[in-house]
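K.L.:
Got a predicted model here, sequence first, then my questions.
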Amino acid sequence: MKKLLVLALVVMLALGALAACAPTATQAPEATEAAEEASEAGAVEETAEVAEPAKDIVIAGIYKSGDQQWFIGEGDAAAAKCKEMGASDFMYIDVKLDPDLYLQAIDNAITQGVAGILTCPPDQKLSSVVVQKCKDAGIPIVACDDALMDEKGEYIAPYVGIDALAIGKACGEWAANYAKENNMTGEDTGVLLLAADTVSSCVPRTDGARDVWMESFPDWPEDRMWRVDYTGPQDEAFDQAAATFTAHPEIKHWVIMAINDEGAAGATRALEQAGLDKDAVVVGIGGYLAKLEFKKEDYSAFKATAFINYVDVGQLSAENLMTSILKGSEIPMDSRTAAVIITEENYKDVMKDQAE
């Protein structure tokens with residue numbers, strides 16, 4: 001009889017130790033009832049089930065250009081929110097704008113059994129295959145910044161990003177007002193729109209900027225506005241801007257609007273190289289590189305940007321995903337964050353600790 005009591009106590013202690021080692025684990029009702037019955041009877045059946053610890057929640061963050069400050073900050077914010085909500089790990093993966101690396105990263109994440117994926121795809125043509133892979137594996141996926149969509153442009157996975165059209169319009173309005181106030185409206189003024197028209201989330205940024213500019217200057221000639229594509233990096237924006245300046249020496253004043261801060265910074269460096277920066281204005285979207293320009297003692301043509309908070313995007317995407325994993329709830333299909341125009345005068349007040 002004593003041996004049976006000792007055996008019962010050992011099993012109960014083992015169950016308690018398992019629960020202590022797994023903070024998110026809970027004992028199955030059946031196991032709890034069995035243990036209680038065994039304790040009361042002074043014996044435990046050899047076939048009694050022991051509760052298993054809950055599986056660790058690991059989230060993969062797979063970003064198209066993980067060396068850009070936007071995605072670094074977004075990934076950090078997402079990782080912090082996931083861990084705050086109970087994830088044991090967050091895998092940050094940079095696929096370097098390479099579609100092949102991207103598909104490999106998706107496959108690897110699925111093979112490793114992650115609980116969910118946050119992603120910004122390098123090529124939206126991969127949307128259907130990626131969503132199907134995750135669906136087959138039973139893994140939820142949330143698109144960040146660039147949506148996962150079908151051929152009709154419809155979302156096929158939950159999305160978290162910015163209100164791109166409204167932000168583009170805000171940039172266009174600020175640039176138009178600056179041009180009016182600084183007499184940059186003559187025949188020697190040109191408008192350069194640094195666009196990324198192969199990326200659905202970026203197209204409205206450029207469309208909004210252009211539309212508001214044309215509303216402000218209804219008679220603006222088409223031959224003094226150039227819409228030039230690049231994929232996002234600063235060096236590519238530099239090359240595209242420099243080529244445009246060289247091709248149009250008749251333009252002495254440039255108004256430049258880019259779809260991100262990298263584009264704006266690249267164009268600013270190209271203006272400086274061409275000796276055109278003192279008679280130009282550049283507007284970006286982001287804030288993370290603009291703040292560096294605002295801090296400079298030397299003159300910079302990079303005058304304003306739409307501050308979109310990568311922390312907001314990272315946290316919201318992570319919260320949507322983790323809430324679904326923990327509660328089994330449906331993930332919202334379309335979540336947007338706001339933005340505000342910042343300049344040298346107000347960036348510290350708006351960006352707060354991110355201004356450092």
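P.N.:
Received it, and whenever you're ready, just let me know what you need. Numbers count the residues shown, from 1 in each chain.
K.L.:
C-alpha only now, for contacts and for neighbours.
P.N.:
Fine.
K.L.:
Enumerate the positions of the helix or strand hosting residue 256 that are buried.
P.N.:
Here residue 256 sits within strand 253-258, counting by DSSP states H and E. Judged by neighbour count using 16 or more other C-alpha atoms under 10 Å, the buried positions of strand 253-258 are 253-258.
K.L.:
Stretch 294-307 now?
P.N.:
294, 300-307.
K.L.:
now do stretch 189-205
P.N.:
189-197, 199-205.
K.L.:
again, but for stretch 346-356
P.N.:
Residues of stretch 346-356 classed as buried: 347-348, 351, 355 (neighbour count, 16+ other C-alpha under 10 Å).
K.L.:
Next: stretch 317-329.
P.N.:
317-322, 324-325.
K.L.:
Quick one: mark the members of those that sit in helices.
P.N.:
Under the assignment DSSP state H, the buried residues of stretch 317-329 contribute 317-322, 324-325 to helices.
K.L.:
can I get those in CSV with pLDDT and distance to residue 180?
P.N.:
Formatted as CSV, these follow (pLDDT from 0 to 100; distance: C-alpha to C-alpha, whole Å):
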residue, pLDDT, distance to residue 180
317, 98, 39
318, 98, 42
319, 98, 43
320, 98, 43
321, 98, 45
322, 98, 48
324, 97, 49
325, 97, 52
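K.L.:
Determine which two of these are furthest apart.
P.N.:
The span of these, defined through C-alpha to C-alpha, is set by 317 and 325 at 12.6 Å.
K.L.:
just the strands in the stretch 1-150 of the chain please.
P.N.:
Counting by DSSP state E, counting those that start in this stretch, the stretch 1-150 of the chain has these strands, from start to end: 58-63, 89-94, 116-120, 141-144.
K.L.:
Now render those strands as JSON lines, adding mean neighbour count, distance to residue 83 and mean pLDDT.
P.N.:
Formatted as JSON lines, those follow (neighbours: other C-alpha atoms under 10 Å; distance: least, C-alpha to C-alpha, whole Å; pLDDT from 0 to 100):
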{"stretch": "strand 58-63", "mean neighbour count": "26", "distance to residue 83": "9", "mean pLDDT": "98"}
{"stretch": "strand 89-94", "mean neighbour count": "19", "distance to residue 83": "7", "mean pLDDT": "98"}
{"stretch": "strand 116-120", "mean neighbour count": "25", "distance to residue 83": "13", "mean pLDDT": "98"}
{"stretch": "strand 141-144", "mean neighbour count": "26", "distance to residue 83": "17", "mean pLDDT": "98"}
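K.L.:
Dump these into a markdown table; add distance to residue 271 as well.
P.N.:
Formatted as a markdown table, the strands of the stretch 1-150 of the chain follow (distance: least, C-alpha to C-alpha, whole Å):
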| stretch | distance to residue 271 |
| --- | --- |
| strand 58-63 | 30 |
| strand 89-94 | 31 |
| strand 116-120 | 31 |
| strand 141-144 | 32 |
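K.L.:
Of all the ones you listed, which one is nearest residue 162?
P.N.:
With C-alpha to C-alpha, the closest approach to residue 162 among those belongs to strand 141-144: 9.3 Å.
K.L.:
And the buried residues of stretch 189-205, which is closest to residue 332?
P.N.:
residue 201 (17.6 Å).
K.L.:
quick one: contacts for the closest one?
P.N.:
145-147, 164 (C-alpha atoms under 8 Å, 6 or more residues apart in numbering).
K.L.:
Report the secondary structure state of it.
P.N.:
When classified by DSSP: H, G, I helix; E, B strand; the rest coil, residue 201 comes out as coil.
K.L.:
per-residue pLDDT, it?
P.N.:
The per-residue pLDDT reported for residue 201 equals 88.
K.L.:
now the buried residues of stretch 294-307 as CSV including pLDDT?
P.N.:
Listed next are the buried residues of stretch 294-307 as CSV, based on pLDDT from 0 to 100:
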residue, pLDDT
294, 97
300, 98
301, 98
302, 98
303, 98
304, 98
305, 98
306, 98
307, 96
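K.L.:
The closest residue to residue 204 other than its chain neighbours: what's it in contact with?
P.N.:
Nearest residue to residue 204, sequence neighbours excluded (C-alpha to C-alpha, 6 or more residues apart in numbering): residue 165, at 4.6 Å. Residues in contact with residue 165 (C-alpha under 8 Å, 6+ apart) are 204-208.
K.L.:
ok, these vs residue 94, which is closest?
P.N.:
Nearest member of those to residue 94, counting by C-alpha to C-alpha, is residue 205, at 24.3 Å.
K.L.:
centre of the chain versus the one helix or strand the closest one maps to, how much separation?
P.N.:
Using DSSP H and E, residue 205 sits within helix 203-216. Relative to its parent chain, helix 203-216 has a centroid offset of 23 Å by C-alpha atoms, centre = their mean, to the nearest Å.
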